[in-house]
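# Just need the structure, nothing else, for what follows:
(2 chains)
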Amino acid sequence: MHDIRFIRENADAFDAALARRGIAPAAAKILALDKEWRALQAEMQEDQHRRNVLSKEVGKIKSEGGDASAQMAEVAELKTRLETHNNSDLAARLDAELMNYPNMLDAHVPDGEEEADNALLREVGEARLPDFPAKDHVALGEGLGLMDFGLGAKLAGARFVVLRGDLAKLERAIATFMLDTHTQEFGYVEHLPPFLVRGAAMAGTGQLPKFAEDLFQTTDDRWLIPTAEVPLTNLVAGEILDAAELPMRLTAYTPCFRAEAGAAGRDTRGMIRQHQFSKVELVSISHPDQSADELERMTNCAETILQRLELPYRVMHLCAGDTGFSARSTYDIEVWLPGQNDGKGMYREISSCSNCGDFQARRMRARLKTADGNALVHTLNGSGLAVGRTMIALMENGQQADGSIVLPKALHPYMGGGRIEGMAS
RNA sequence: GGAGAGGUGGCAGAGUGGUUGAAUGCGCCGGUCUCGAAAACCGGUAUGGGCAGAAGCCCAUCGAGGGUUCGAAUCCCUCCCUCUCCGCCA
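All right, here's what the predicted structure looks like:
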């Protein structure tokens, strides 16, 4: 959500920010609405003031046994006028406008319209192919008898999977390893939030009202979380925090549910894009002055996981056109998947770390106390990491010629072994 | 699911139709006192918004949204949440 006062004072900057995202100028339309609304508001408030004054007079007159019918008649008039003004939808329209436009981008965000325009920041580890034909995780998982898309489809339809044996256990090992690292080394506090939330929470982080079609909704009007960013960030909705409490660093391991409405036909093979996947999420509630540094730190925390898991990756700075609605700046971490692209390998997103600035905080009314009044906090979120895609990466990078999978040392204690051999079926 | 009670400022807690945006206590901030601190005393202390250059004036908000009324924290309706008892239940 945007700050109307910022737009009043920086209409050109606002339009320029929209232009970077390929959106037509909107400041003039918004300011016209704003002007109209303020004029109406001033008029209404004057009437309300008059009404309040008269009502008090009535009270006084009556208590002295006098006749207050003149005052009462005037209030009746005011009320009809207020009624019509009250029916104006100006405020709602203005609000809808302010909610409708994506966040303004950080100055450092590279220009560009699509994925190809993202800027490569660094490559870590050696992206290599095995010295035998690389299989993808589907071939590996099914070959081991530990991954079954047919059963997923039988139970729930397309884009679901059933894991069993060591692959089911691997999910748990990965998640625990990630949580242990983030909580014990990086100071994130583990949470176990609800997986269903109210619409208000979805609006707070920006999923609603614009992106309802990406979400699953329950019959009693709740929503399944598409990421733990939603419950974790909304923990501070409506709160006024002490500066000393910041930064708040929160993490949670949760399932994520996505309708993938716009993704028909994309990534239909395998576990890359499922309706349900789990993720260890990182959220920071930050002082406005520190959010830029916090984004670097958070990205580093996520990268550390990949380093410990000995997975090659690269970090991209998303270009203007590829940056999400609520974000001011986003780093994508892409992991090397040798089994994709017909065995030639490719990088795929495994984490997305974003600084949302005050964009979500304004929607949620999440503030902090400062010397001169309350200020909006900044919110950040990032995957630390997507568990399903981490599993894919471990399988495809750790695959052996015989179809078994060698795991990195970091996971051995969590798996009680270093190799996944499959299950006699 | 059934029956009942309740949601008031950072917290506790008064307030059941008329200057109540809200007593009182605690907390917090500033001051006096003190070598310093504590105690005591004095003063201040909600949020959002409109108008104004500013001082300031005004509007809204007592869980949320409607309604009754000249006037609502107080009355009515709907919803949300909390608590107690019963039922069911991992």
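# can you count the residues close to the residue in the stretch 151-300 of chain A positioned nearest to RNA strand B?
Closest contact between the stretch 151-300 of chain A and RNA strand B, by C-beta to the nearest atom of the strand, is at A:I240 (6.6 Å). (Glycine included, C-beta is placed from N, CA and C.) Neighbour count of A:I240, defined by other C-beta atoms under 10 Å: 13.
# Bridge partners for the closest residue to it other than its chain neighbours, pull those for me.
Once flanking residues are discounted, A:I240 sits nearest to A:R367: 4.9 Å by C-beta to C-beta, 6 or more residues apart in numbering. Taking DSSP bridges as the rule, A:R367 bridges to A:I240, A:L376.
# got the residues of the stretch 51-200 of chain A near RNA strand B?
For the stretch 51-200 of chain A, the contact set with RNA strand B under C-beta under 7 Å from any atom of the strand comprises A:51-56, A:58-59, A:62-63, A:68, A:71-72, A:75-76, A:79.
# Mind picking the two most distant members of these?
Spatial extent of these (C-beta to C-beta) is set by the pair A:S63 and A:K79 at 22.6 Å.
# Show me which of these two is the more surrounded one.
A:K79 (12 against 8).
# Please report phi then psi for the more buried one.
phi -70, psi -40 (degrees, to the nearest 10).
# repeat for A:V280
phi -100, psi 120.
# Quick check: nearest residue in space to it, chain neighbours excluded?
A:M178 is the one closest to A:V280 (C-beta to C-beta, 6+ apart), at 4.2 Å.
# same deal with A:V75?
That would be A:L54: by C-beta to C-beta, 6+ apart, it lies 5.1 Å from A:V75.
# buried set for whatever helix or strand the one you found lives in?
Secondary structure assignment for A:L54, by DSSP states H and E: helix A:27-63. Buried residues in helix A:27-63, counting neighbours by 16 or more other C-beta atoms under 10 Å, are found at A:A27, A:I30, A:L31, A:L33, A:D34, A:W37, A:D47, A:R51, A:L54, A:E57, A:V58, A:I61.
# go on, stretch A:204-223?
Buried, per 16+ other C-beta under 10 Å, within stretch A:204-223: A:G204, A:T205, A:G206, A:Q207, A:L208, A:F211, A:D214, A:L215, A:R222, A:W223.
# How far does it stretch from one end to the other?
Counting by C-alpha to C-alpha, to the nearest Å, you get 13 Å between the two ends of stretch A:204-223.
# now that stretch: how far from the chain's centre is it?
13 Å (C-alpha atoms, centre = their mean, to the nearest Å).
# what's the answer for stretch A:44-55, then?
Using C-alpha atoms, centre = their mean, the offset of stretch A:44-55 from its chain centre is 44 Å.
# With just CA atoms, put that stretch into CSV.
Extracted in CSV, the C-alpha atoms of stretch A:44-55 (Å, rounded to 0.1, in the frame of the first residue of the first chain):
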residue,chain,number,x,y,z
MET,A,44,-18.5,16.6,6.5
GLN,A,45,-16.3,17.4,9.5
GLU,A,46,-17.7,20.9,9.6
ASP,A,47,-21.2,19.5,9.7
GLN,A,48,-20.3,17.0,12.4
HIS,A,49,-18.7,19.7,14.5
ARG,A,50,-21.9,21.8,14.2
ARG,A,51,-24.0,18.8,15.1
ASN,A,52,-21.9,18.1,18.2
VAL,A,53,-22.1,21.7,19.3
LEU,A,54,-25.9,21.7,18.8
SER,A,55,-26.3,18.5,20.7
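# Quick one: mean pLDDT over it.
The predicted model gives stretch A:44-55 an average pLDDT of 91.
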